[in-house]
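Undergrad: I'll drop the sequence and a predicted model, then ask my questions.
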Amino acid sequence: MKEKQQTGPQKKARAEKPLRLTPGEMKAPISVSKEFFSIYNLLAAHDHFTLLLNNLPDNNPDSLNAIEFVGDVEKLLEANFFLIKKSVKRVKRVK
């Protein structure tokens, strides 16, 4: 069965809909970051990305896009790390 190609508003709505977050996580997205960093530290996360990158095929033109994407996700992860640290410091000051 051929899938109907989405265009315009349908495509945009789908692109902005989370695929993995639960409704509870969408209401409190910071909880996702806090849980992640309770399991992984930055070094461990970077090690996982390195493992992924080391297993990319050398002869695939999409590998360059994947390398750039992983770099961007690493920056996003680091930014989340610092947002969590700042939010924890604010909570401690308020108490």
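TA: Structure's in. What do you need? The shown structure was predicted, so the numbers you read here are calculated from the model rather than taken from an experiment.

Undergrad: give me the phi and psi for residue 21.
TA: phi -70, psi 140 (degrees, to the nearest 10).

Undergrad: give me the spatial nearest neighbour of residue 29, chain neighbours excluded.
TA: Nearest non-adjacent residue to residue 29, counting by CB to CB, 6 or more residues apart in numbering: residue 21, 7.1 Å away. In short, each C-beta sits where N, CA and C put it, glycine included.

Undergrad: that neighbour and residue 33 touch, don't they?
TA: No. With contact defined as CB atoms under 8 Å, residue 21 does not reach residue 33; the gap is 11.6 Å.

Undergrad: what separation do you get for residue 45 and residue 76?
TA: Separation of residue 45 from residue 76 (CB to CB, to the nearest Å): 11 Å.

Undergrad: neighbour count: these two, which is higher?
TA: The neighbour comparison of residue 45 against residue 76 (other CB atoms under 10 Å) goes to residue 45, with 18 against 10.
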